[in-house]
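Colleague: build me a structure from this.
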Amino acid sequence: MQDSDPIRLPGPWTHRDITANGARFHVAELGEGPLVLFLHGFPEFWWSWRHQLPAVAEAGYRAVAVDLRGYGGSDKTPRGYDPLTLTMDVTGVIRALGQSNATLVGHGWGAFLGWTAAVFRPAAVNRLAVTGSAHPRRLRQGLLTDPKQISAARFMWSAQRPWAPEKALTRDAAMLVEQLLAEWGATGWPELDVAQRYRDAMLVPGAAHSSLEYYRWLIRSLVRPDGMRYAQRMRTEIRVPVLHLQGELDSALLPHVARGSGRYVTAAYRWRLLEGIGHFAHEEAPMRFNNELIDWLKSSS
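Modeller: Have a look, this model is predicted:
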(Lines give C-alpha, C1' and ligand atoms only; values in the text may rest on other atoms or scores of the structure.)
Protein backbone atom coordinates (compact mmCIF):
# COMPACT_ATOMS: atom_id res chain seq x y z
CA MET A 1 0.00 0.00 0.00
CA GLN A 2 1.31 3.42 -0.90
CA ASP A 3 0.72 6.47 1.21
CA SER A 4 -0.21 8.34 -1.98
CA ASP A 5 -3.40 6.30 -2.27
CA PRO A 6 -6.18 8.73 -1.22
CA ILE A 7 -8.48 5.91 -0.05
CA ARG A 8 -6.48 3.01 1.43
CA LEU A 9 -4.94 5.12 4.15
CA PRO A 10 -2.56 3.37 6.55
CA GLY A 11 -3.46 2.50 10.12
CA PRO A 12 -4.04 -0.47 12.43
CA TRP A 13 -6.82 -1.72 10.15
CA THR A 14 -6.69 -4.08 7.18
CA HIS A 15 -7.97 -3.06 3.76
CA ARG A 16 -9.70 -5.42 1.36
CA ASP A 17 -12.33 -5.59 -1.35
CA ILE A 18 -15.46 -7.71 -1.16
CA THR A 19 -18.31 -8.40 -3.56
CA ALA A 20 -21.93 -7.83 -2.55
CA ASN A 21 -25.19 -7.12 -4.38
CA GLY A 22 -23.45 -7.22 -7.74
CA ALA A 23 -20.80 -4.61 -6.91
CA ARG A 24 -17.35 -4.38 -5.36
CA PHE A 25 -16.93 -2.66 -2.00
CA HIS A 26 -13.82 -1.51 -0.20
CA VAL A 27 -13.71 -2.11 3.56
CA ALA A 28 -11.28 -1.41 6.39
CA GLU A 29 -11.52 -3.77 9.34
CA LEU A 30 -10.01 -4.28 12.75
CA GLY A 31 -10.62 -6.58 15.71
CA GLU A 32 -12.54 -9.75 16.47
CA GLY A 33 -15.95 -10.38 17.96
CA PRO A 34 -19.51 -9.40 17.09
CA LEU A 35 -19.68 -7.41 13.86
CA VAL A 36 -20.13 -3.62 14.03
CA LEU A 37 -20.48 -2.14 10.54
CA PHE A 38 -19.83 1.59 10.10
CA LEU A 39 -21.60 3.51 7.31
CA HIS A 40 -20.29 6.98 6.41
CA GLY A 41 -22.14 10.01 5.10
CA PHE A 42 -21.56 12.79 2.56
CA PRO A 43 -19.01 14.12 1.62
CA GLU A 44 -16.81 11.53 3.28
CA PHE A 45 -15.67 7.91 2.95
CA TRP A 46 -14.73 5.04 5.29
CA TRP A 47 -11.92 7.09 6.89
CA SER A 48 -14.47 9.19 8.77
CA TRP A 49 -14.59 6.28 11.27
CA ARG A 50 -10.82 6.29 11.91
CA HIS A 51 -11.38 7.20 15.58
CA GLN A 52 -14.04 4.55 16.12
CA LEU A 53 -12.43 1.49 14.52
CA PRO A 54 -9.59 1.09 17.07
CA ALA A 55 -11.79 1.96 20.07
CA VAL A 56 -14.58 -0.43 19.14
CA ALA A 57 -12.12 -3.20 18.26
CA GLU A 58 -10.39 -2.76 21.63
CA ALA A 59 -13.79 -3.07 23.30
CA GLY A 60 -14.14 -6.58 21.87
CA TYR A 61 -15.85 -6.16 18.51
CA ARG A 62 -15.05 -6.70 14.86
CA ALA A 63 -15.15 -3.14 13.57
CA VAL A 64 -15.58 -2.71 9.81
CA ALA A 65 -16.00 0.54 7.87
CA VAL A 66 -17.22 0.33 4.28
CA ASP A 67 -17.11 2.77 1.40
CA LEU A 68 -20.72 3.08 0.27
CA ARG A 69 -21.57 2.52 -3.39
CA GLY A 70 -20.08 5.35 -5.43
CA TYR A 71 -17.59 6.48 -2.79
CA GLY A 72 -13.92 5.91 -2.07
CA GLY A 73 -12.64 2.56 -3.24
CA SER A 74 -16.04 1.03 -3.96
CA ASP A 75 -17.62 0.68 -7.39
CA LYS A 76 -19.12 3.76 -8.99
CA THR A 77 -21.98 2.18 -10.86
CA PRO A 78 -24.22 4.07 -13.32
CA ARG A 79 -27.33 3.20 -11.29
CA GLY A 80 -28.25 1.88 -7.86
CA TYR A 81 -28.46 5.01 -5.68
CA ASP A 82 -31.98 4.47 -4.38
CA PRO A 83 -32.28 3.41 -0.71
CA LEU A 84 -33.49 -0.11 -1.46
CA THR A 85 -30.49 -0.97 -3.63
CA LEU A 86 -28.16 0.73 -1.17
CA THR A 87 -29.71 -1.16 1.73
CA MET A 88 -29.19 -4.42 -0.14
CA ASP A 89 -25.57 -3.32 -0.48
CA VAL A 90 -25.32 -3.01 3.30
CA THR A 91 -26.91 -6.36 4.07
CA GLY A 92 -24.91 -7.95 1.26
CA VAL A 93 -21.69 -6.63 2.80
CA ILE A 94 -22.72 -8.20 6.13
CA ARG A 95 -23.11 -11.59 4.42
CA ALA A 96 -19.87 -11.14 2.47
CA LEU A 97 -18.13 -10.61 5.82
CA GLY A 98 -19.39 -14.04 6.85
CA GLN A 99 -22.15 -12.88 9.18
CA SER A 100 -25.94 -12.96 9.04
CA ASN A 101 -26.42 -9.80 11.11
CA ALA A 102 -24.56 -6.85 12.59
CA THR A 103 -24.82 -3.70 14.63
CA LEU A 104 -25.01 -0.77 12.22
CA VAL A 105 -23.46 2.60 13.05
CA GLY A 106 -24.29 5.29 10.52
CA HIS A 107 -23.74 8.98 9.92
CA GLY A 108 -25.83 11.08 7.54
CA TRP A 109 -26.57 8.94 4.49
CA GLY A 110 -25.11 5.92 6.27
CA ALA A 111 -27.65 6.45 9.05
CA PHE A 112 -30.43 6.81 6.47
CA LEU A 113 -29.50 3.36 5.18
CA GLY A 114 -29.31 2.02 8.73
CA TRP A 115 -32.87 3.16 9.43
CA THR A 116 -33.94 1.59 6.14
CA ALA A 117 -32.21 -1.72 6.81
CA ALA A 118 -33.88 -1.98 10.22
CA VAL A 119 -37.26 -1.87 8.41
CA PHE A 120 -36.60 -3.75 5.16
CA ARG A 121 -34.12 -6.34 6.48
CA PRO A 122 -34.73 -6.46 10.25
CA ALA A 123 -33.12 -9.89 10.68
CA ALA A 124 -29.80 -8.41 9.53
CA VAL A 125 -29.76 -5.61 12.13
CA ASN A 126 -29.04 -6.34 15.79
CA ARG A 127 -28.80 -2.73 16.88
CA LEU A 128 -28.67 0.67 15.23
CA ALA A 129 -26.64 3.74 16.18
CA VAL A 130 -27.09 6.95 14.19
CA THR A 131 -25.67 10.46 14.19
CA GLY A 132 -26.33 13.54 12.06
CA SER A 133 -29.57 11.90 11.03
CA ALA A 134 -33.33 11.77 11.32
CA HIS A 135 -35.62 8.85 10.63
CA PRO A 136 -36.40 9.00 6.89
CA ARG A 137 -40.02 9.92 7.53
CA ARG A 138 -38.95 12.79 9.78
CA LEU A 139 -36.51 13.95 7.11
CA ARG A 140 -39.22 13.75 4.46
CA GLN A 141 -41.58 15.79 6.61
CA GLY A 142 -38.86 18.36 7.25
CA LEU A 143 -38.02 18.71 3.57
CA LEU A 144 -41.67 19.22 2.67
CA THR A 145 -43.02 21.37 5.51
CA ASP A 146 -40.28 22.84 7.71
CA PRO A 147 -38.91 26.16 6.37
CA LYS A 148 -35.79 25.96 8.52
CA GLN A 149 -34.93 22.42 7.40
CA ILE A 150 -35.73 23.31 3.79
CA SER A 151 -33.25 26.18 4.04
CA ALA A 152 -30.67 23.99 5.80
CA ALA A 153 -30.96 21.48 2.94
CA ARG A 154 -30.13 24.00 0.22
CA PHE A 155 -27.23 21.85 -0.95
CA MET A 156 -29.66 18.99 -1.56
CA TRP A 157 -31.86 21.21 -3.69
CA SER A 158 -28.93 22.60 -5.65
CA ALA A 159 -27.75 19.06 -6.45
CA GLN A 160 -30.77 18.46 -8.69
CA ARG A 161 -29.31 20.26 -11.70
CA PRO A 162 -27.51 18.13 -14.30
CA TRP A 163 -23.68 18.16 -14.26
CA ALA A 164 -23.25 21.66 -12.81
CA PRO A 165 -23.17 20.30 -9.22
CA GLU A 166 -20.44 17.81 -10.17
CA LYS A 167 -18.36 20.62 -11.59
CA ALA A 168 -18.93 22.75 -8.51
CA LEU A 169 -18.00 19.87 -6.20
CA THR A 170 -14.68 19.19 -7.93
CA ARG A 171 -13.71 22.76 -8.93
CA ASP A 172 -10.53 24.15 -7.34
CA ALA A 173 -9.41 20.71 -6.14
CA ALA A 174 -12.79 20.09 -4.46
CA MET A 175 -12.69 23.22 -2.31
CA LEU A 176 -16.48 23.00 -1.91
CA VAL A 177 -16.01 19.83 0.12
CA GLU A 178 -13.94 21.72 2.66
CA GLN A 179 -16.50 24.53 2.72
CA LEU A 180 -19.38 22.12 3.37
CA LEU A 181 -17.50 20.37 6.16
CA ALA A 182 -16.84 23.72 7.82
CA GLU A 183 -20.41 24.96 7.29
CA TRP A 184 -22.04 21.85 8.75
CA GLY A 185 -19.55 21.24 11.55
CA ALA A 186 -18.87 23.27 14.68
CA THR A 187 -16.56 26.28 14.54
CA GLY A 188 -12.92 25.29 14.15
CA TRP A 189 -13.56 21.96 12.44
CA PRO A 190 -12.19 20.45 10.25
CA GLU A 191 -8.43 20.74 10.50
CA LEU A 192 -6.76 21.42 7.15
CA ASP A 193 -5.27 17.94 6.85
CA VAL A 194 -8.66 16.32 7.52
CA ALA A 195 -10.35 18.51 4.92
CA GLN A 196 -7.62 17.61 2.44
CA ARG A 197 -8.34 13.90 2.87
CA TYR A 198 -11.97 14.41 1.95
CA ARG A 199 -11.13 16.71 -0.94
CA ASP A 200 -8.77 14.09 -2.35
CA ALA A 201 -11.41 11.36 -1.99
CA MET A 202 -14.03 13.43 -3.83
CA LEU A 203 -11.62 13.81 -6.76
CA VAL A 204 -11.52 10.04 -7.32
CA PRO A 205 -13.09 9.64 -10.78
CA GLY A 206 -16.84 9.12 -10.53
CA ALA A 207 -17.14 9.92 -6.81
CA ALA A 208 -18.68 13.38 -7.22
CA HIS A 209 -21.41 12.20 -9.60
CA SER A 210 -22.20 9.07 -7.60
CA SER A 211 -22.41 10.90 -4.28
CA LEU A 212 -24.82 13.45 -5.75
CA GLU A 213 -27.08 10.71 -7.07
CA TYR A 214 -28.13 9.94 -3.48
CA TYR A 215 -29.52 13.47 -3.14
CA ARG A 216 -31.15 13.34 -6.54
CA TRP A 217 -33.15 10.28 -5.59
CA LEU A 218 -34.10 11.77 -2.23
CA ILE A 219 -35.48 15.05 -3.59
CA ARG A 220 -37.01 13.78 -6.82
CA SER A 221 -38.73 10.88 -5.06
CA LEU A 222 -40.63 13.19 -2.72
CA VAL A 223 -43.44 13.37 -5.29
CA ARG A 224 -42.85 10.13 -7.21
CA PRO A 225 -44.66 6.82 -6.59
CA ASP A 226 -41.44 5.01 -5.62
CA GLY A 227 -40.68 7.61 -2.96
CA MET A 228 -44.22 7.49 -1.63
CA ARG A 229 -44.11 3.68 -1.43
CA TYR A 230 -40.79 3.89 0.40
CA ALA A 231 -42.17 6.45 2.86
CA GLN A 232 -45.23 4.29 3.50
CA ARG A 233 -43.08 1.23 4.19
CA MET A 234 -40.93 3.25 6.59
CA ARG A 235 -43.94 3.57 8.89
CA THR A 236 -43.01 0.07 10.07
CA GLU A 237 -41.92 -0.06 13.69
CA ILE A 238 -38.20 -0.49 14.37
CA ARG A 239 -37.83 -3.25 16.93
CA VAL A 240 -34.12 -3.12 17.71
CA PRO A 241 -32.38 -0.83 20.21
CA VAL A 242 -31.40 2.55 18.77
CA LEU A 243 -28.75 5.02 19.94
CA HIS A 244 -29.30 8.48 18.50
CA LEU A 245 -26.46 10.99 18.95
CA GLN A 246 -27.19 14.44 17.58
CA GLY A 247 -24.97 17.48 17.49
CA GLU A 248 -26.63 20.54 19.01
CA LEU A 249 -25.03 22.77 16.35
CA ASP A 250 -25.79 20.54 13.35
CA SER A 251 -26.76 22.94 10.57
CA ALA A 252 -27.37 20.26 7.92
CA LEU A 253 -29.85 18.07 9.80
CA LEU A 254 -31.53 20.25 12.38
CA PRO A 255 -31.83 18.83 15.91
CA HIS A 256 -35.56 19.46 16.22
CA VAL A 257 -36.12 17.38 13.06
CA ALA A 258 -33.91 14.57 14.36
CA ARG A 259 -35.53 14.54 17.79
CA GLY A 260 -38.87 13.15 16.59
CA SER A 261 -37.29 9.96 15.24
CA GLY A 262 -37.95 7.98 18.39
CA ARG A 263 -41.65 7.72 17.60
CA TYR A 264 -40.80 5.03 15.04
CA VAL A 265 -38.83 2.88 17.51
CA THR A 266 -40.63 0.44 19.80
CA ALA A 267 -37.46 -1.02 21.32
CA ALA A 268 -35.16 0.90 23.66
CA TYR A 269 -34.34 4.32 22.22
CA ARG A 270 -31.49 6.37 23.68
CA TRP A 271 -31.30 10.04 22.63
CA ARG A 272 -28.28 12.24 23.35
CA LEU A 273 -28.02 15.89 22.28
CA LEU A 274 -24.30 16.74 22.19
CA GLU A 275 -23.66 20.35 23.17
CA GLY A 276 -21.20 22.38 21.12
CA ILE A 277 -21.00 19.74 18.37
CA GLY A 278 -22.08 19.99 14.73
CA HIS A 279 -23.00 17.50 12.02
CA PHE A 280 -19.90 15.31 12.35
CA ALA A 281 -20.06 14.25 16.00
CA HIS A 282 -17.91 11.14 15.52
CA GLU A 283 -15.06 13.29 14.24
CA GLU A 284 -15.58 16.56 16.10
CA ALA A 285 -15.76 14.88 19.53
CA PRO A 286 -14.49 11.33 19.00
CA MET A 287 -13.80 10.50 22.66
CA ARG A 288 -17.29 11.51 23.75
CA PHE A 289 -18.83 9.74 20.78
CA ASN A 290 -16.83 6.56 21.45
CA ASN A 291 -17.75 6.54 25.14
CA GLU A 292 -21.45 6.87 24.31
CA LEU A 293 -21.24 4.20 21.61
CA ILE A 294 -19.27 1.62 23.58
CA ASP A 295 -21.38 2.09 26.71
CA TRP A 296 -24.47 1.50 24.58
CA LEU A 297 -22.94 -1.52 22.80
CA LYS A 298 -22.24 -3.16 26.14
CA SER A 299 -25.61 -2.30 27.65
CA SER A 300 -28.60 -4.61 27.59
CA SER A 301 -30.75 -2.01 25.83
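Colleague: my guess is residue 137 meets residue 233, correct?
Modeller: No: in this structure, residue 137 is not within contact of residue 233 by CB atoms under 8 Å, at 10.0 Å. Where you see a C-beta, it was placed from the backbone N, CA and C, and this is true even at glycine.
Colleague: where along the stretch 51-200 of the chain do the strands fall?
Modeller: Assigned by DSSP state E, counting those that start in this stretch, the stretch 51-200 of the chain shows strands spanning 62-66, 102-107, 125-131.
Colleague: mind putting the ones you listed in CSV, mean pLDDT, distance to residue 174 and mean neighbour count included?
Modeller: CSV is the format used below for the strands of the stretch 51-200 of the chain (pLDDT from 0 to 100; distance: least, CB to CB, whole Å; neighbours: other CB atoms under 10 Å):
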stretch, mean pLDDT, distance to residue 174, mean neighbour count
strand 62-66, 99, 21, 26
strand 102-107, 98, 19, 27
strand 125-131, 98, 24, 25
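Colleague: can you lay out those strands as CSV showing distance to residue 54?
Modeller: Converted to CSV, those look like this (distance: least, CB to CB, whole Å):
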stretch, distance to residue 54
strand 62-66, 8
strand 102-107, 14
strand 125-131, 17
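Colleague: so which of those is nearest residue 43?
Modeller: strand 102-107 (11.6 Å; CB to CB).
Colleague: can you name every helix or strand that that closest one contacts?
Modeller: strand 35-39, helix 109-120, strand 125-131 (3 or more CB pairs under 8 Å, 6 or more residues apart in numbering; DSSP states H and E).
Colleague: run the last query once more with 6 Å
Modeller: strand 35-39, strand 125-131 (3 or more CB pairs under 6 Å, 6 or more residues apart in numbering; DSSP states H and E).
Colleague: could you check the angle helix 109-120 makes with the longest one?
Modeller: Spelled out, it's strand 125-131. Relative orientation of strand 125-131 versus helix 109-120 (axes from the mean of the first three to the mean of the last three CA atoms, to 10 degrees): 150 degrees.
Colleague: strand 125-131 pairs with which strands, parallel or anti?
Modeller: As defined by DSSP bridges, the strand partners of strand 125-131 come to strand 102-107 (parallel), strand 242-247 (parallel).
Colleague: same thing with the shortest one?
Modeller: Under the criterion DSSP bridges, strand 35-39 sits next to strand 62-66 (parallel), strand 102-107 (parallel) in its sheet.
Colleague: with distance to residue 301 added, can I get the ones you listed in JSON lines?
Modeller: Converted to JSON lines, those look like this (distance: least, CB to CB, whole Å):
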{"stretch": "strand 62-66", "distance to residue 301": "21"}
{"stretch": "strand 102-107", "distance to residue 301": "13"}
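Colleague: many thanks, I have nothing further to ask.
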